[in-house]
Each structure stands twice: as structure tokens, then as C-alpha cells.
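>>> Need a 3D model of the following:
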Amino acid sequence: MLYVIWISLLLVLSNELSASVNAHSTDALLLLPTHSHAVVSGQRCPAADPNLNFGPVIGIVSHPGDGASGRLSNATNASYIAASYVKFVESAGARVVPLIYNEPPEVLCKKLSLVNGVIFTGGSSKTGLYFEVVTSIFKDVLRKNDAGDRFPLLAICLGFELLTMIVSKDNNILERFSASDQASTLQFVENIDISGTVFQRFPPVLLNKLSTECLVMQNHKFGISPEKLQKTERLSRFFEILTTTADTDDKVYVSTAQAHRYPVTALQWHPEKNAFEWASSSIPHSEDAIQVTQNVANFFIREARLSMHRPSSQEVLDNLIYNYSPTYCGKAGKGYDEVYIFS
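Alright, predicted model coming up:
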């Protein structure tokens, strides 16, 4: 009897020893890079690529109002930038200069000389001074690129709609869609080449999920159908359609487009909301949805790093968004969580 117990104990100890040896063997296969070879004394990091700008600054155009239907400010000259756009830019390693749309033209022009790219945000305004300023900035973006300075533009939701109007030279070209407060998929155009586009560095698994899972946030009542874009010569010459999406009535609109010749990306959806907005329960917040936000931000700022324009650091510091404070406005459960208000 004692012999049987003794044999059983030996078997248990033998199994534990074997498991320990296997674990150590596995650890040996997972050595960190610094453990796999001798560390060179005084080893230095490689020099930064001189062809890249590692201090990019992005200009975000403010939108008329306070972002909260007058609950925060009813000043007639008020404009705002949702803080989610600022965080979106910062998450990819860049800083923000607010381009306050109703500032004097010479001030806006000076601020444009400080940035390496521009974002047109979501919103609702399509007329008046705001439309004129966005049009002027868009033309400046094209001029900078034509002159050889890489200067990207990311147009989101309303921003895409404004570009559609400006490029087509038709202020009535937009169509109505039912896509308010809606999470959706993105359907890629058949045989589309995504190299050089916002989707180029998306992991293949995430690209597949974009077409089968609701990972992007839509919040718009206007847009343009792929048929109308293709039939409008000025638009089809300027834009290539990358993705489409169906609204709640199954009407299909262009959800992502890329300029043929310029670093201009137009999204009808909101990449900034997944990671930085909580006011709507429809906003996707899964790990995959957060990856979508991060990949879009990384793409845009990677484009901005190709801009070699480098203004004086003091001028940049004097105009950064850090000179302003955001206002919390999420208690009502609608709209944005935080906004920067300018008046």
C-alpha cells in the first residue's frame, strides 16, 4: 500500500517538474529583443527621418453657435469646436490651432500659415460667412498642394457635404437621407484599391468587420448618392468613392471618398465619436470601434507629417487650443460632451 502511494507521489512530482521545464522553455522562446543579443554599451537611437515633420499642427475650423442650441452661450458671434475633434488629433501625436471662422481674414490667414493640415467638422451650417470661409480655406488647401507642400484636409459629415457643394459649384446638389444617430457598416466599392487611402493601414480583420459590424457613427440628414456623384462631372473628376452606406430607409449614400489628386479625405461618418463622445447610446465603443478612430487619426496625422512647413514655435504656442478652456455640456444627455466656445 505504501509502495503504491509512493509511486503516485513520484508521478505527480514528475509531471510538475516537466511542466516547469516546459514553461521555462517557452520563456526562452519569448525573450525580449534586449535579451536576445548583447546590449551595445552607449548604444544610440537612430536619427529621426529628416523628411518628416514630427511636430505637426492641425487647424480645426470652428462652427457657428455654441454646440448646445444656445444653452451655453447665446452670443450672436459665438462659434465652437467639439473637444472630441481636438482629442482625436492629439491621440495621433499632433496639436491643434483653432481656426475661428469669424475672425478677421488676416488673422485666419496667419493661423493657416501655422498649420500642416485642416479639419472641417460636422455641424449644420451651409450658408453665409461660414460657407464663404470654408470655401476659401479649401481653395487654399489646393493651392498649397499644387505648390508642392503636402497639406491634408479631413472633411467630416457636414465637411463632406460642404466639399460636395463647393466642388460641384451647386449649392442644391445634396440629397436627403435618414441617418441621424445611427451606427452603421461601411460597404467597400467592388475592386476598389485602398492603397494610399485612409483604409490602407487598417488591419485586414478590421477591414472585414467594417462591412459586417456597425463600427462607425452616422449623424446626418443630407449626403449624396453614388449615382449622383458619378454623374456630376466636377465631382467624379475630383473624388473617388471608397465606401457606401444605406440609411434607415435603405437609400444608399457615399460614406467615404478620396480625392484623386490631393490629400483630401471626405467621411460622411464621425471617426472622432467612437473614442471621445458619450452623449448618444448609439455611438460604438467596442475595442474594434476604438481601433477605427485610432486608425483614421493615425492616417491623417501621418499625412500632416509630410508637410515640411515649420513656423516659429512661439507663434504656434501663442495660437494653440491650450490657450482656451473646454466647457462640459454633456449633462443634458445630448449633443457633445465638451466644446470649446469662442466669442
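
>>> quick one, strands of the stretch 151-300 of the chain?
Assignment of strands within the stretch 151-300 of the chain using DSSP state E, counting those that start in this stretch yields the ranges 153-156, 175-184, 187-188, 216-223, 239-246, 252-259, 264-267.

>>> Make TSV from these and add mean neighbour count, distance to Gly330 and mean pLDDT to it.
The way it works is simple: take the backbone N, C-alpha and C, and place the C-beta from them, glycine included. Listed next are the strands of the stretch 151-300 of the chain as TSV, based on neighbours: other Cβ atoms under 10 Å; distance: least, Cβ to Cβ, whole Å; pLDDT from 0 to 100:
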stretch	mean neighbour count	distance to Gly330	mean pLDDT
strand 153-156	27	20	98
strand 175-184	18	15	98
strand 187-188	18	32	98
strand 216-223	23	16	98
strand 239-246	20	27	98
strand 252-259	24	26	98
strand 264-267	25	23	98
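
>>> closest one to Leu162 among those strands?
Taking Cβ to Cβ, strand 153-156 is the member of the strands of the stretch 151-300 of the chain nearest to Leu162, at 7.1 Å.

>>> Which secondary structure elements does the closest one sit against?
Secondary-structure packing of strand 153-156 (3 or more Cβ pairs under 8 Å, 6 or more residues apart in numbering; DSSP states H and E): strand 118-120, strand 264-267.

>>> Pass me the low-pLDDT residue ranges in the stretch 1-150 of the chain, would you?
1-42 (pLDDT under 70).

>>> can you give me the helices in it?
Remark: helices assigned in the stretch 1-150 of the chain by DSSP state H, counting those that start in this stretch are 2-29, 33-36, 83-90, 105-112, 128-146.

>>> Please put the alpha-carbon coordinates of the last one into PDB.
C-alpha atoms of helix 128-146 as PDB (Å, rounded to 0.1, in the frame of the first residue of the first chain):
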ATOM      1  CA  GLY A 128     -23.300  82.800 -45.100                       C
ATOM      2  CA  LEU A 129     -19.800  83.700 -43.800                       C
ATOM      3  CA  TYR A 130     -19.100  80.200 -42.600                       C
ATOM      4  CA  PHE A 131     -19.700  78.700 -46.100                       C
ATOM      5  CA  GLU A 132     -17.500  81.500 -47.600                       C
ATOM      6  CA  VAL A 133     -14.700  80.900 -45.100                       C
ATOM      7  CA  VAL A 134     -14.700  77.100 -45.700                       C
ATOM      8  CA  THR A 135     -14.700  77.700 -49.400                       C
ATOM      9  CA  SER A 136     -11.700  80.000 -49.100                       C
ATOM     10  CA  ILE A 137      -9.800  77.600 -46.900                       C
ATOM     11  CA  PHE A 138     -10.500  74.700 -49.300                       C
ATOM     12  CA  LYS A 139      -9.100  76.700 -52.200                       C
ATOM     13  CA  ASP A 140      -6.000  77.500 -50.100                       C
ATOM     14  CA  VAL A 141      -5.500  73.800 -49.400                       C
ATOM     15  CA  LEU A 142      -5.500  73.000 -53.100                       C
ATOM     16  CA  ARG A 143      -3.100  75.900 -53.700                       C
ATOM     17  CA  LYS A 144      -0.700  74.700 -51.100                       C
ATOM     18  CA  ASN A 145      -0.600  71.200 -52.500                       C
ATOM     19  CA  ASP A 146      -0.300  72.500 -56.100                       C
END
